[in-house]
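>>> Need a 3D model of the following:
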Amino acid sequence: MKMDLQLNSLLEEEVKMDTYRMIYIDDTIDPTLDSFLDQYKPKEADVDLEFSDVPFEPNEGYEFLLNSPGVREANIILIDDCLFENPTVTNGKITGEEFKVVLRKYFPFIETIVITQNKADPETGTISKYNAQTSGYPSALEYYRNTLPDIIEEAIQQIKFYRKLGKKLEDNSNWEPVLREKIINSLQGLDEYHELTKDDIDMLIKAFKEIQVQLNE
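Residues are numbered from 1 along each chain as shown. Model (predicted):
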């Protein structure tokens with residue numbers, strides 16, 4: 001009897017597990033960062049974090065990523081800031097931060113963490129890559145262990161918040177059905193890519209660049 005109760009308890013815990021998908025996109029996968037993310041265990045027991053990396057081919061461009069099922073179905077994305085600035089990129093040169101803005105337009109409920117060679121900006125979800133001279137840690141692994149967990153956990157909490165809102169939305173019949181379905185699909189990564197054209201994307205990037213110039217001034 002006691003064994004049955006324990007088994008039921010374990011089964012109930014398993015049912016309560018919430019799955020989150022995290023991906024790391026880079027043209028040159030950082031093995032230390034990749035290993036850290038692959039082995040990362042969330043702080044909360046009810047979170048099941050699935051991880052995979054997505055090697056980026058420069059000749060594919062950002063449109064390929066927007067069409068990628070792995071990107072569309074992700075909850076958390078870590079992306080190299082210089083990904084689209086490679087000289088061999090043929091389909092538009094943008095920064096990881098600009099791609100984050102584009103991604104937010106398509107999939108507003110995906111949390112994006114930009115990894116940059118430049119100074120970090122935690123307020124915009126940007127962290128610096130490990131640098132032995134400036135990072136202040138003896139190894140890349142120690143650096144990522146001390147800098148990434150809080151950012152990942154914050155992203156998980158944000159996704160949790162989105163999902164709670166989505167559940168309330170599903171249960172609320174007062175919402176206009178088409179709008180409700182669109183938001184729920186977006187939460188699940190099911191938005192149709194063709195709703196925005198390449199011109200729309202270019203306009204978003206141009207607007208973002210103008211905002212950056214104004215802020216710098």
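
>>> What segments of the chain are strands?
18-26, 47-55, 76-80, 111-116, 126-128 (DSSP state E).

>>> would you list the ones you listed in TSV and tack on distance to E170, mean pLDDT and mean neighbour count?
Heads up, the C-betas are built off the backbone N, CA and C, glycines and all. Output for the strands of the chain, formatted as TSV (distance: least, C-beta to C-beta, whole Å; pLDDT from 0 to 100; neighbours: other C-beta atoms under 10 Å):
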stretch	distance to E170	mean pLDDT	mean neighbour count
strand 18-26	16	92	19
strand 47-55	21	92	15
strand 76-80	22	92	25
strand 111-116	21	90	22
strand 126-128	33	86	19
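
>>> Would you format the ones you listed as CSV with distance to K105 included?
Written out in CSV, the entries for those read as follows (distance: least, C-beta to C-beta, whole Å):
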stretch, distance to K105
strand 18-26, 17
strand 47-55, 20
strand 76-80, 14
strand 111-116, 12
strand 126-128, 18
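
>>> With adjacent residues omitted, what lies nearest to K41?
Nearest in space to K41, with sequence neighbours left out and distances taken as C-beta to C-beta, 6 or more residues apart in numbering, is L49 at 7.5 Å.

>>> ok, that neighbour - contacts?
With contacts taken as C-beta atoms under 8 Å, 6 or more residues apart in numbering, L49 has the following neighbours: 19-20, 22, 40-42, 156.

>>> Sort out which one of those residues lies nearest T126 for me.
Of all the contacts of L49, M22 has the smallest distance to T126: 16.8 Å, by C-beta to C-beta.

>>> With L49 as the reference, measure out to the nearest residue to that closest one once chain neighbours are set aside.
Counting by C-beta to C-beta, 6+ apart, M22 lies nearest to I76, which is 4.2 Å off, once chain neighbours are set aside. For I76, the distance to L49 equals 8 Å [C-beta to C-beta, to the nearest Å].

>>> Which residues are in contact with each of these two?
Contact with both I76 and L49 is made by residues 20, 22, 156, according to C-beta under 8 Å, 6+ apart.

>>> Would you mind measuring from the first one to T134?
Note on Y20: its distance to T134, by C-beta to C-beta, is 31 Å.

>>> Same check on A120?
According to C-beta to C-beta, A120 stands 11 Å off from T134.

>>> what does V114 give?
When distance is defined by C-beta to C-beta, V114 is 18 Å away from T134.

>>> coming back round to it: ok, A120 and T134, which is more surrounded?
Ranked by neighbour count (other C-beta atoms under 10 Å), A120 and T134 place A120 first, with 16 against 9.

>>> in the helix ranked longest in the chain, what counts as buried?
The helix that spans the most residues within the chain, counting by DSSP state H, is helix 140-171. Applying a neighbour-count criterion of 16 or more other C-beta atoms under 10 Å, one finds 140, 143-144, 147-148, 151-152, 155-156, 158-160, 162-163, 166, 169 buried in helix 140-171.
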